[in-house]
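Undergrad: next one to model:
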Amino acid sequence: MLMGTLAWSAMFAAFALIVPYASTPAHPLPGYMLFLACLVPWALWLAALLRRRGGAESASAVVAIATVLAFTYPAEIVATYGRYWQYFEDRDVLVGVRLGGVPIEEFFFYPLMLALALWLYLQACEQIRARRLANLSFPRGRLPHMLLAMSILCFLLCLWALARPEGLVNLPASRSWDDTAVPHFSEGRRDYAWTATCLAGLGGSLGVLYLAELTTLLQLRAVLPATLVFFTMGMLIDLLGVSHGWWVYNTQRVSPFWLGPIPVENLAMYLCGVPETVAIFEFARRLFGERRTA
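TA: Numbering: from 1, shown residues only. From the prediction side, this is the model:
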């Protein structure tokens with residue numbers, strides 16, 4: 001796991017240092033598509049790992065990725081039509097094919113990122129089994145109840161955000177760049193639609209961790225480090241893409257709090273990828289008769 005992560009980190013570092021700066025307004029490169037090529041090794045590593053582990057786990061991985069996509073893409077279409085973000089095609093060349101208004105690059109991005117989530121989780125499981133470590137469980141007491149309470153709170157905040165449009169004026173689309181050349185985009189009525197989406201995802205992830213303690217569905221000792229690595233990579237990818245205008249968040253659809261060029265609620269978004277994906281994977285694996293716990 002460490003060697004694979006380091007190898008990909010070197011590839012991504014080379015990409016981040018060369019491609020964005022080699023792409024100019026006069027000669028823009030397909031940065032998003034080139035970035036997707038950097039994610040392909042994870043899918044190949046996952047396929048090789050699943051081949052060793054058997055048909056039940058391969059089928060479970062397909063079910064997990066397909067299920068997450070079934071929930072993700074309707075939201076993606078809504079977000080694209082709602083202008084939650086915009087693609088600056090003078091800064092990044094897209095292929096030009098759209099499905100339901102969504103650039104086809106997005107349809108490759110999610111499966112490849114989900115493959116990364118599963119690879120991290122299964123590699124961590126193998127390391128745990130090799131070292132004969134016991135599954136991590138929450139301390140008895142208040143923590144499981146706190147997770148449930150935080151999950152419920154996230155969903156309540158999500159409803160509150162959806163019910164709070166601010167201002168009645170629809171702003172025309174406008175683009176700008178700050179002093180550090182980071183692009184910005186504003187359009188439409190002020191609301192918290194993207195904030196609500198991220199809160200809903202975080203609430204679901206906290207709920208998964210709570211249920212995992214009750215049903216031992218997940219290998220928690222593997223989930224937590226995999227989530228940390230996935231979170232770090234996701235944030236780096238987002239910072240890189242937004243800084244170069246490949247996608248830019250609509251300031252009218254997010255909270256007023258930012259981490260550089262990305263809205264602060266994106267912290268919640270990248271905490272969701274691993275728990276939800278591997279929970280579906282583990283559930284499907286048991287349906288297919290695979291009982292191995294790590």
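Undergrad: low-confidence ranges in this structure?
TA: Under the criterion pLDDT under 70, the flagged ranges of the chain are 1-8, 20, 24-25, 137-141, 165-169, 216, 290-294.
Undergrad: now do 50
TA: 293-294 (pLDDT under 50).
Undergrad: what ranges do the helices span in it?
TA: 2-22, 31-53, 55-81, 104-130, 143-162, 193-215, 220-243, 266-269, 273-287 (DSSP state H).
Undergrad: what's the most buried one of the ones you listed?
TA: helix 273-287 (a mean of 23; mean count of other CB atoms under 10 Å). Any C-beta I mention is one placed from the backbone N, CA and C, and that applies to glycine too.
Undergrad: just the CA trace of that one, in PDB.
TA: Extracted C-alpha coordinates of helix 273-287, given in PDB (Å, rounded to 0.1, in the frame of the first residue of the first chain):
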ATOM      1  CA  GLY A 273     -15.900   8.600  -0.300                       C
ATOM      2  CA  VAL A 274     -14.400   5.700   1.600                       C
ATOM      3  CA  PRO A 275     -17.000   4.800   4.300                       C
ATOM      4  CA  GLU A 276     -20.000   4.800   1.900                       C
ATOM      5  CA  THR A 277     -18.200   2.900  -0.900                       C
ATOM      6  CA  VAL A 278     -16.800   0.100   1.300                       C
ATOM      7  CA  ALA A 279     -20.000  -0.300   3.300                       C
ATOM      8  CA  ILE A 280     -21.800  -1.200   0.100                       C
ATOM      9  CA  PHE A 281     -18.900  -3.400  -0.900                       C
ATOM     10  CA  GLU A 282     -19.000  -5.300   2.400                       C
ATOM     11  CA  PHE A 283     -22.700  -5.700   2.300                       C
ATOM     12  CA  ALA A 284     -22.600  -7.000  -1.300                       C
ATOM     13  CA  ARG A 285     -19.700  -9.400  -0.400                       C
ATOM     14  CA  ARG A 286     -21.800 -11.000   2.300                       C
ATOM     15  CA  LEU A 287     -24.800 -11.300  -0.100                       C
END
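Undergrad: returning to that earlier point: which stretch among the helices of the chain comes nearest Glu89?
TA: With CB to CB as the criterion, Glu89 lies closest to helix 31-53 of those, at 10.0 Å.
Undergrad: would you mind pulling the contact partners of the closest one?
TA: 4, 7-8, 11-12, 15, 19-20, 23, 57-58, 61, 91-95, 103, 105, 108-109, 111-113, 115-116, 118-119, 122-123, 237, 240-241, 244, 246-247 (CB atoms under 8 Å, 6 or more residues apart in numbering).
Undergrad: could you tell me the angle between it and helix 220-243?
TA: Put simply, helix 31-53 runs at 160 degrees to helix 220-243, going by axes from the mean of the first three to the mean of the last three CA atoms, to 10 degrees.
Undergrad: distance between helix 31-53 and the chain's centre?
TA: Averaging C-alpha positions (CA atoms, centre = their mean, to the nearest Å) puts helix 31-53 15 Å from its chain's average.
Undergrad: what angle do that helix and helix 55-81 make?
TA: Using the same axes, to 10 degrees: helix 31-53 against helix 55-81 is 160 degrees.
Undergrad: pull the contacting residues for Ala117.
TA: Ala226, Phe230, Gly273, Val274, Thr277, Val278.
Undergrad: ok, the fourth one touching Leu220?
TA: Think Val274. No: proximity of Val274 to Leu220 does not meet the contact threshold set by CB atoms under 8 Å, at 11.3 Å.
Undergrad: what is the neighbour count of the nearest residue to Arg175 once chain neighbours are set aside?
TA: Nearest residue to Arg175, sequence neighbours excluded (CB to CB, 6 or more residues apart in numbering): Phe185, at 5.7 Å. Residues contacting Phe185 under the criterion other CB atoms under 10 Å number 22.
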